Structures are given as C-alpha cells and as structure tokens.
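1. Prediction below, plus the sequence it came from.
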Amino acid sequence: PNPTPTPTQVHMTYQFAEGSKFAYGKRQRLRDAGLWLGDPSSYYEEGRYLQLVSGLAVQHSPTTATLLDPEVQDATHCVRSHLKLTSLQRQLLHDGFVLAKATRRTLILPPIWCNLDRFWTIMDHCLIGKRVEMPLPFICPLDHSFILPNFFSANLDFREHTFLANDNVPAALREGTLTLTLAAAGVAPAPSASRS
C-alpha cells in the first residue's frame, strides 16, 4: 500500500487577529490544529494548568455538536442566538482567567462555539453561501470572537482548547488531574471531587 503522504504546506484562511507585530490568529489556529511547531518544549512541559470546561455544548464528533442552553438554540434567529452564546462565553472566559490568576495557573481555554460564521459579505442564514456543509454550532477560531492582540498586551496566560491532546504534553501532566465543580451561590457543593 501507498504510505500516507506527509503534508508539506498548510494554507491559512483569512483571520481577524493580526497585530502590528504578529499574526496571532494564524498561530492560534495552527496551535488549535496541533500544527504549530514553533513553541519551545517548556510551552508543553512546564507550569500548572486550569482547564476550563464549557457546559454550553456537547461535541459528538469533530463536526457535530448540540447546544445545551435553550437561550442559544434559536435556529430561526441565528444572529441573536450567536450573540447570546458569545456573551455567555465571554463571561466564562472572564471567570476562568480570574480563577487561573488566583490559583497561579495557566488557563486552558474551552472550545469557543459559534452559531455564525464571520465573513465580510452576504451570508445565507449565518453561513457562507447556500452550499456550505458546516453544521451549527461549530468550534470557531478564537479570532472570530476575540481580539487576540489584546490577550497578549494584557499578558493573559493561556493554552489552546486542544492543548492536552497534543503529543508534546507529557503523559504525567495529562494524568495528574483533579476535577472540581463549582456550585452555584446558595447550593451545597457535591460531597467529593473526583480524580481523573
């Protein structure tokens, strides 16, 4: 049989996070895909991490997911549902960065979900053209919802949502985890935390 060809080039689509000094969005997309090879080993091997898990959607496969919050499931008004989804995710990331700083950890972002593609011309019900075979919601690039240069100018320390799946992360780091669940105000916490 023919061996699997080794890719030699990757074309990056237009992105929305080019700073004056660096193309943050393109690097982030490559990191998300596990294709960025420019980070030192310390990026993967050193530090303590807080992984933020979003309860807004469940991913069934690389291309399919279900939104869990009824407020963001409005198929008729995809723009309205997308704006609500984005608002909830911004609050989640805000809380995650605060908690990571308080615990002296680096935040591992959750997947960022979109109900709307980002494009500069006419779209058909929130997607580019009538023949786009992209189900909603989808995990969108970080630069679709956030101005990435601002993350770096604010010295926010974070890792991509696929960080723990990267082969460069030591097994001991992946296996040495503790799962914590935060209870809502006025609600008793669960009797114990589980180790995973």
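-> Alright, I've got the coordinates. Remember, it's a predicted structure, so these values are computed and weren't measured experimentally.
2. Contact partners for the residue nearest the centre of the chain?
-> With distances taken as Cα atoms, centre = their mean, the chain has Pro111 as the residue nearest its mean C-alpha position (3.0 Å). For Pro111, the contacting residues are Ser54, Ala57, Gln59, Ile139, His161, by Cβ atoms under 8 Å, 6 or more residues apart in numbering. For glycine as for every other residue, the C-beta is placed from the backbone atoms N, C-alpha and C.
3. Tabulate those (JSON lines), appending secondary structure.
-> What follows is these, written out as JSON lines (DSSP: H, G, I helix; E, B strand; the rest coil):
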{"residue": "Ser54", "secondary structure": "coil"}
{"residue": "Ala57", "secondary structure": "strand"}
{"residue": "Gln59", "secondary structure": "strand"}
{"residue": "Ile139", "secondary structure": "strand"}
{"residue": "His161", "secondary structure": "coil"}
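4. Now the two most distant members of those residues.
-> Put simply, by Cβ to Cβ the two of the contacts of Pro111 set farthest apart are Ala57 and His161, 12.1 Å from each other.
5. What is the neighbour count of Leu35?
-> Residues lying near Leu35 (other Cβ atoms under 10 Å) number 11.
6. returning to that earlier point: using PyMOL, make a named selection holding only the buried ones among the contacts of Pro111.
-> To isolate the buried ones among the contacts of Pro111 in PyMOL, judged by 16 or more other Cβ atoms under 10 Å, type:
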select buried, resi 54+57+139+161
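7. helix or strand for Pro111, which one?
-> Following DSSP states H and E, there is no helix or strand that holds Pro111.
8. Compute the distance between it and Ala65, please.
-> Going from Pro111 to Ala65 by Cβ to Cβ, to the nearest Å gives 8 Å.
9. quick one, longest helix in this structure?
-> Criterion DSSP state H: the longest helix present in the chain is helix 78-102.
10. quick check: mean pLDDT across that helix?
-> Helix 78-102 carries an average pLDDT of 87.
11. How far does whatever helix or strand comes next after that helix sit from its chain's centre?
-> Counting by DSSP H and E, the element after helix 78-102 in chain order, helix or strand, is strand 106-108. Chain-centre distance of strand 106-108: 11 Å, with Cα atoms, centre = their mean, to the nearest Å.
12. Quick one: mean pLDDT for the strand or helix carrying Leu173?
-> Using DSSP H and E, Leu173 maps to helix 171-175. Helix 171-175 shows a mean pLDDT of 89.
13. Isn't Leu99 up against Tyr49?
-> No - using Cβ atoms under 8 Å, Leu99 is not in contact with Tyr49; the gap is 11.9 Å.
14. between those two, which one's more packed in?
-> Taking other Cβ under 10 Å, Leu99 and Tyr49 do not tie; Tyr49 has more neighbours (19 against 15).
15. these two touch, right, that one and Thr103?
-> No - counting by Cβ under 8 Å, Tyr49 stays clear of Thr103, with 9.9 Å between them.
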